[in-house]
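Asker: please find the sequence and the predicted model below.
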Amino acid sequence: MPRVTIVVPAYNTARTLASTLSALLAQTFRDFEIVVVDDGSSDTTAAIAMSFQSDPRVRLIQQRNRGLAGARNTGIDAAAGDLIGFCDADDLWEPSKLQAHVAHLDASPAVGVSYAGSSLIDDDGKFLRQAQRPRLTGVDAAHILKRNPIGNGSAPVIRRAVFDAIAYRPATEVARDWYFDETFRQSEDIECWMRIALTTDWQFEGVMGLLTRYRISAGGLSAATDRQLAAWEAMIAKLTPLNPALMTQLAPAARSYQLRYLARRAVSDGDGARAWRMVTGAMRQSRQPLTEEPVKTIVTLVAALALRLGGRAVLAPLLSLKAQKA
């Protein structure tokens, strides 16, 4: 049986899937399988996955569209490995990524979730000169809720035992357990990480390096901010009963960080009114982002105000504020 299963959720990703699979097959650690979950695609995603099945490590599962959480759940259910990694079908892994995580988990039996930093790339795969460089040690529920050090869904490699510990099956589900909540179409990853942090003893820990190339799609960012905020609030409502005192304590600062993040997305998309509304809302919730990360917070405030008052023309010095999916 393979040591690791790499789950690749894929929905209409014909443009990028071949590059993703090629990068995964180039891993220096070789004892793995790849489970591509075609989540009801209407393009040639499935055909591209099939073209890689000359390598016996590649499997394809097709299902009706269940969303990213549903595709991941199907992949976990089908996984043969005792370690499970995730790589979205538009992202890339560096060749040494899997080897680094396997070594990390083998050396750290208390760690259940291993992750690393990510380089950001554009639609064409070019580096954006930005990166997610997360906190690597001493991570608890507060860090996850406020800043999500895992960063993105293509960053972690997780023990199968962690998923076994949080598995559940809703009354409407007849096929398999859920690990990610399929009622969420956004914030499904952080909701899962928080359940792990709140209900198990497994530790989160990162390894050095930018080991994932995380793709940022241009345009259409700010339009999704209201939906993303609604999903985030639904996550808070769901998780609060697990530890009411802790969640009540953490929620204002975490909400402030979330609003600041959404403000930065709106800045990147040129939506000054939305950016200003989000960043001022963040400051009303909590000043923790200002005291803990003053430079990033002040830059966001200035960029949002400049965009609101003068439009993109006044933002030239600040346009390095690109959208982030973390």
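Answerer: Sure thing, it's come through.
Asker: I84: what secondary structure?
Answerer: strand (DSSP: H, G, I helix; E, B strand; the rest coil).
Asker: next, count neighbours for it.
Answerer: The local packing of I84 (other Cβ atoms under 10 Å) involves 23 other residues. In short, each C-beta sits where N, CA and C put it, glycine included.
Asker: just the pLDDT at it, thanks.
Answerer: For I84, the pLDDT comes out at 98.
Asker: what of the one 3 residues further on?
Answerer: Each residue has a pLDDT score; the one for C87 is 98.
Asker: next up, phi/psi of the closest residue to it other than its chain neighbours, please.
Answerer: The shortest distance from C87 to any residue other than its chain neighbours is 4.7 Å, reached at S154 (Cβ to Cβ, 6 or more residues apart in numbering). Dihedral angles of S154 (phi, psi; degrees, to the nearest 10) stand at phi -100, psi 10.
Asker: ok, and the closest non-adjacent residue to M1?
Answerer: Closest to M1 by Cβ to Cβ, 6+ apart is A80, at 4.9 Å.
Asker: sec struct for the one you found, please.
Answerer: The three-state label given to A80 by three-state DSSP is coil.
Asker: tell me the buried residues in the helix ranked longest in the chain?
Answerer: Longest helix in the chain, counting residues (DSSP state H): helix 244-268. In terms of neighbour count (16 or more other Cβ atoms under 10 Å), helix 244-268 has its buried residues at 246-247, 250-251, 253-268.
Asker: what pairs with the strand or helix carrying L60, and is each one parallel or antiparallel?
Answerer: Secondary structure assignment for L60, by DSSP states H and E: strand 58-63. Sheet partners assigned to strand 58-63 using DSSP bridges are listed as strand 32-39 (parallel).
Asker: roughly how far is whichever helix or strand comes after the partner strand from the heart of the chain?
Answerer: The helix or strand immediately downstream of strand 32-39 is helix 45-51, counting by DSSP H and E. Relative to the centre of its chain, helix 45-51 is centred 24 Å away, using Cα atoms, centre = their mean, to the nearest Å.
Asker: now do the buried residues in helix 45-51.
Answerer: Buried residues in helix 45-51 (16+ other Cβ under 10 Å): 45-46, 48-49.
Asker: what's the answer for stretch 296-311, then?
Answerer: 297, 299-308.
Asker: stretch 196-208 now?
Answerer: For stretch 196-208, burial by neighbour count (16+ other Cβ under 10 Å) applies to 196-198, 202-207.
Asker: again, but for stretch 34-47
Answerer: Buried positions in stretch 34-47, judged by neighbour count with 16+ other Cβ under 10 Å: 34-41, 45-46.
Asker: list the contacts of it.
Answerer: Residues from elsewhere that reach stretch 34-47 (Cβ atoms under 8 Å, 6 or more residues apart in numbering): 5-14, 17, 21, 24-25, 49, 52, 57-68, 70-72, 74-75, 78-79, 89.
Asker: avg pLDDT for it?
Answerer: Averaged over stretch 34-47, pLDDT sits at 98.
Asker: partners of the worst-scoring helix or strand of the chain on mean pLDDT in the sheet?
Answerer: The weakest-scoring helix or strand in the chain, judged by mean pLDDT, DSSP states H and E, is strand 127-132 (a mean of 89). Sheet pairing for strand 127-132, assigned by DSSP bridges, gives strand 111-121 (antiparallel).
Asker: about what we covered before: of the buried residues of stretch 196-208, which is the nearest to L239?
Answerer: Of all the buried residues of stretch 196-208, L239 sits closest to L198, with 6.7 Å by Cβ to Cβ.
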